[in-house]
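Asker: Provide a 3D model corresponding to the input given below.
(2 chains, ligands or ions: 2)
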Amino acid sequence: MFKNHIKLAWRNLIKNKAYLAINLTGLAVAMTCFLLLALFVQFEMSFDKHHQNSERIFRIVQQQKGNSYQGTDMFAVAPLPLGEALLQDFPEVESVTNLNVGGALILKDNQSFVQQGLYTDSAYFDVFSTKVIEGNPGLALQSPDNILVTESLANTLFGNLSPINQELTFGNGKTFTVKALIENPPKNQHFSYDFIVSYKSQGYYQHDVGQWASNNYHTYLTLKKASQSKLLEDKMATYEKITKPAYENQGFKFYPEYKLQPLEDIHLKSNVNVEISQNGNIKSVRLFALIAIIILVLAAINYTNLATAKSAQRAKEVGVSKVLGAKRRSLIIQYLSESLFLTFASLVLSLFLASILLPSFNALLNKDIGFNLLSNLQILAVLSLAALVTGIISGLYPAFFLSGIGPIKALKGNFLKSTKQRFSLKSILVVSQFTVAIGLAIASIVIQQQLQYIQNKNLGYKNEQLVHVRYFEPEITEKQKVLKEMLLQNPMVHEVSLSSQLPFNVTSQGPITSWEGNYNDEPLYIYRTYVDFDFIDVFEMALVDGRSFSPEIASDSLAYLINESAVKSLGWNAPIGKQFANGKVIGVLKDFHLKTFDQAIEPLFMALRTPEHTRNNGEVVLKIDMSDYQNTCDFIVKTMKKIVPHVPYEVKFVEDSYMQFYNAEQRLGKAFNIFTLLALFIAGMGLFGMVSFQIAQRRREISIRKVLGSSVTGILNLLAKGVFKQIIMALLIATPFAYYFMESWLQDYVYRISLQWWVAILVGFLALILAFLSISFQSIKVARTNPVKSLRTE
Amino acid sequence: MLLQLNNIFKWVNSGGQRIFLLKDINLQVEEGEFISVMGPSGSGKSTLLNVIGMLDTFDEGEYHFLDESVHTLKEKHRANLYKEYIGFVFQSYHLLDELTVQENLEMPLLYKKYKGAERKAMVADMLDRFNIVGKKDLFPAQLSGGQQQLVGVARALIANPKLILADEPTGNLNSQQSEEIMELFKKLNQEDGVTIIQVTHSEKNAAYGSRIVNLLDGRKV
Ligand SMILES: Nc1ncnc2c1ncn2[C@@H]1O[C@H](COP(=O)(O)OP(=O)(O)O)[C@@H](O)[C@H]1O
Ligand SMILES: [Mg+2]
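Answerer: Ligands and ions are numbered 1, 2, ... in the order given. Predicted coordinates for the structure are as follows:
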């Protein structure tokens, strides 16, 4: 019996190739999408769960009430003595480790490699699980002269030779001995590294010992039981008696409250200051999960629709089976096995498609998701379940519908004749498909518009023709005069400026209490950028008052430029010449965007850069002639290497680096475009199928109308009218939803576009054109055939 | 003279062979005639009627309808011609199931761009004439076969055609219903001067006409 079902299912499917192709493509595309999105969701949810005790590991974060920075007063850092104190004071703390992540230059055979380092202590291996290939990492880290390397770094430096006991020299001259080889950290860990050394080898360590007001570490601890975290948080309040005086001593008016953050929450749920790396976003994970399900539902709707429509052709089969005594149940099984057969065939197809598409998908989302399905039982199970549910749900309606028709009615073949039903299930399904497609299309246009706005809005300075090189070497600042001269010798280089930061990413902020008129010593929290004489010119920033820095005026070393926002905050009417910080204000900068568009323009000052501000790093910004770009870039790198050899300097467009801050938006935009296209594709295909079956059903009617004098356009109108009504209904449903969601998405931006009414009109218009093409493609042929042909058979 | 067929041939190619559906048909029809076409099943009656109705093409010969040479006309002009002058009645009525009686009657008028008020008057007139005013809001499925064919004839007549082509109009009806339709045809022919060409298997029905054309294997006999 079962074999018979499969056989019949198979024959029925291959009998109508177009039908099979439409369904298979639709389902396979949807399943591929679903699979890729499921892999993404799984990957994002899996962060840091590979550590053996991951549910018991917590990170220390601190709340500094009164010290809000970039929208939050939470910081993911801790002072060095805290860890030790916790271990001593609270028995529920099993182990504590401090760590730091940062880049370093490793030299080998006249080559240099920029590598990511993890600076930690030997307790790291008690808290985190790391796979060791050779050596004893815990023991090795007890000495500040040892280094642990990952497989990939070992491979880069030593090829297949064992790295153990090899010496490694760093760019700063320090030498380490390799004492252990460890596996690369998994991609789904919230921090990454190429090598591990003890932070005791670093110069800053001495200044951190016993310092409660110096937050240079990320501190992680393992508790005996995860449930003890709340209690411990309360107990940590006792450290107030140490931190309060320590912070006061440093001149701060606030002090920290320590909290515990579960390790597993960091990647998706944490958004505090000083994160180790860019975290994921639970919102986009949810959004993508939703889209995965929507696309699957769209494809299931297609199948249901087409299968029901096709029942017109299968009525005879039903009638005959029934007359021959088939039970309703066995017919239901028959049709269900057909839909399940189809969904599982699509599943196999989608595995194949997904494995091809995964690299591009990874590139799109900037992820590193692996594809090893056989070991990924979770995904396999979810996928099979999705296929099963899709198959059953989409097969159920046609199955019950077909098997429920009486045999005589079925044999006569006229059961499908519509009895003026206004809201048939079929039209509801078509409307819902287009609702989704139209909603997504509106969303993706709005995202594109906002991105365009970000790219094109006048930032208050010029990005064009500018390139920049980030550097970390004190020599560059020390020899900046020579460097500038050398760079300017090339006629392609028009202007050069050295500064601490680029104008769109001003991150250093702090309080200033000394300014004219501040009788109560109120602190003004103000951003600052340290620049040279050429900075304002290079970026073509505008001054609304006063003048820029000048090399001819010696007192300018203590002069300040402030922006309009600062003037407003200071409440000054005539700012020029006013006393500010250690000197005087000489000019007022027109407000420019110093942050991304989700943050308002805030007070800022600029001062000339002195050695105390350089912190050994900064940006070389050049205005160049773009005509010989590659050679000019080579020249810039070569020139900088003349001052510091070995460093792999990289020339970047300022414009690109600016857009880099909108990476997440750009990726979201791209992903939305793709999903929109897919949804439109699936909806369009569904429509195509629907129309072709509608035409098959209405052949007789079309012929009669033609005989009675209807023209080809008249027939087209007839077929299009119903579909157009459905699309307009979908537009009316989708628009308010899409506008509501996009309005709330735009709320995150201080500087944003306003929603345009024409977007919905445009999308509706496009959907109508798509529908019209899909209809006319098929119906023109039918409308033009001789009506006698279909009227003859009586 | 209403129409004239001269040496009409129609064939299809099948397996390299020419199969003739119509062979050397010559026929002249005057206005006001009532012709019955007879012949065994498959002899080409429907094909002939479709050619006369310009729904189907032919391969050789000449066809004159009123002052027009149909064989030289483009499809669009042919369509305009039959829309204007010819009404069709089918064996299986071919009413549209999702339209009411009234709406079915109105349909040919829609394709001729009559104004709304005009259409209403013409439909009302037709309902009145055929005595089916009480049925105007029913759907075809709610009518008997005879009533359906009555509507079919009414629909064919509504735009005042010169010629009615009826392919076995009583094929699905019982004898009493058939008689009613035939009486109706006779009345239309005699009182309103409508030219009628009908296909029929029944000698009795054929007798209503003024002339009989016999077909055998696509040839007039
Ligand atoms: N397009 C066609 N292709 C092949 N054979 C056809 C075609 N149209 C009609 N025939 C054949 O031509 C013959 C005449 O058909 P028809 O005019 O319908 O006969 P009647 O109406 O007298 O029963 C039949 O044998 C039919 O099968
Ligand atoms: Mg016939």
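Asker: tell me the spacing between the closest residue to A:Ile242 other than its chain neighbours and chain B.
Answerer: Nearest-residue entry for A:Ile242: A:Trp212, 5.5 Å, with adjacent residues in sequence omitted and distances by Cβ to Cβ, 6 or more residues apart in numbering or on different chains. Yep, even glycine has a C-beta here, placed from its N, CA and C like the rest. Counting by Cβ to the nearest Cβ, to the nearest Å, the gap between A:Trp212 and chain B amounts to 84 Å.
Asker: tally of neighbours for A:Trp212?
Answerer: Applying the criterion other Cβ atoms under 10 Å in any protein chain shown, we find 23 residues in the vicinity of A:Trp212.
Asker: and for A:Ser744?
Answerer: The local packing of A:Ser744 (other Cβ under 10 Å) involves 9 other residues.
Asker: now A:Gly251
Answerer: Counted with other Cβ under 10 Å, the neighbours of A:Gly251 add up to 10.
Asker: now do the SS call for it.
Answerer: Classification of A:Gly251 into helix, strand or coil gives coil, according to DSSP: H, G, I helix; E, B strand; the rest coil.
Asker: torsion angles phi and psi at it?
Answerer: phi 90, psi 10 (degrees, to the nearest 10).
Asker: what's the answer for B:His64, then?
Answerer: Backbone phi and psi, for B:His64 under degrees, to the nearest 10, turn out to be phi -110, psi 130.
Asker: got phi/psi on A:Leu118?
Answerer: The phi/psi pair for A:Leu118 (degrees, to the nearest 10) reads phi -110, psi 120.
Asker: do you know how far it is from chain B?
Answerer: Counting by Cβ to the nearest Cβ, the separation of A:Leu118 from chain B is 74 Å.
Asker: now that residue: closest residue in space that isn't a chain neighbour?
Answerer: The shortest distance from A:Leu118 to any residue other than its chain neighbours is 3.7 Å, reached at A:Tyr193 (Cβ to Cβ, 6+ apart).
Asker: wasn't that neighbour part of a helix?
Answerer: No - looking at A:Tyr193 with three-state DSSP, it is coil, so not inside a helix.
Asker: now do the contacts for it.
Answerer: A:Tyr193 makes contacts with A:101, A:116-118, A:150, A:185, as judged by Cβ atoms under 8 Å, 6 or more residues apart in numbering or on different chains.
Asker: cutoff 7 Å now
Answerer: A:Tyr193 makes contact with A:101, A:116-118, A:185, according to Cβ atoms under 7 Å, 6 or more residues apart in numbering or on different chains.
Asker: and it, how far from A:Asn184?
Answerer: 9 Å (Cβ to Cβ, to the nearest Å).
Asker: and what of A:Gln88?
Answerer: 35 Å.
Asker: can you give me the neighbour number for residue 204?
Answerer: Unless you meant another one, I'm taking chain A. 12.
Asker: that was the other one, I meant chain B.
Answerer: 12.
Asker: what strand or helix carries it?
Answerer: Here B:Lys204 sits within helix B:203-206, counting by DSSP states H and E.
Asker: tell me, what residue is most central in the chain?
Answerer: No chain specified, so I'll use chain A. Closest residue to the average C-alpha location of chain A: A:Ala664 at 4.3 Å, with Cα atoms, centre = their mean.
Asker: meant chain B, my bad for not saying
Answerer: Note on chain B: the residue nearest the mean C-alpha position is B:Leu165, at 1.8 Å, using Cα atoms, centre = their mean.
Asker: tell me the SS of it?
Answerer: B:Leu165 carries the three-state label strand when classified by three-state DSSP.
Asker: which residues touch the residue nearest to it when sequence neighbours are not counted?
Answerer: Nearest residue to B:Leu165, sequence neighbours excluded (Cβ to Cβ, 6+ apart): B:Gly53, at 4.8 Å. Taking Cβ under 7 Å, 6+ apart as the criterion, B:Gly53 is in contact with B:82, B:86, B:88, B:165.
Asker: list the contacts for the first one?
Answerer: Applying Cβ under 7 Å, 6+ apart to B:Tyr82 gives the contacts B:53-54.
Asker: now the second one
Answerer: Contacts were defined as Cβ under 7 Å, 6+ apart; by that measure B:Ile86 touches B:53, B:161, B:163, B:165.
Asker: pick out the most distant pair among the residues you listed.
Answerer: Maximum pairwise distance among the contacts of B:Ile86 (Cβ to Cβ): 10.6 Å, between B:Gly53 and B:Pro161.
Asker: quick check, pLDDT for residue 178.
Answerer: In the absence of a named chain, this looks at chain A. At A:Val178, the pLDDT value in this model is 96.
Asker: correction: the question concerned chain B.
Answerer: The predicted local confidence for B:Ser178 comes out at a pLDDT of 91.
Asker: and if you look at A:Ser790?
Answerer: Taken from the predicted model, the pLDDT recorded for A:Ser790 is 69.
Asker: now swap in A:Glu478 and tell me
Answerer: For A:Glu478, pLDDT reads 86.
Asker: try A:Leu388
Answerer: For A:Leu388, the pLDDT comes out at 91.
Asker: show me what counts as buried in the host helix or strand of it.
Answerer: Assigned by DSSP H and E, A:Leu388 belongs to helix A:377-403. Neighbour-count burial for helix A:377-403 flags A:379, A:382-383, A:386-387, A:390-391, A:393-395, A:397-399, A:401-403 (criterion: 16 or more other Cβ atoms under 10 Å in any protein chain shown).
Asker: again with stretch A:695-710
Answerer: Residues of stretch A:695-710 classed as buried by neighbour count (16+ other Cβ under 10 Å): A:695, A:697-710.
Asker: still on that earlier bit, okay, and which of the contacts of B:Gly53 map to helices?
Answerer: When those are checked against helices using DSSP state H, the ones located there are B:Tyr82.
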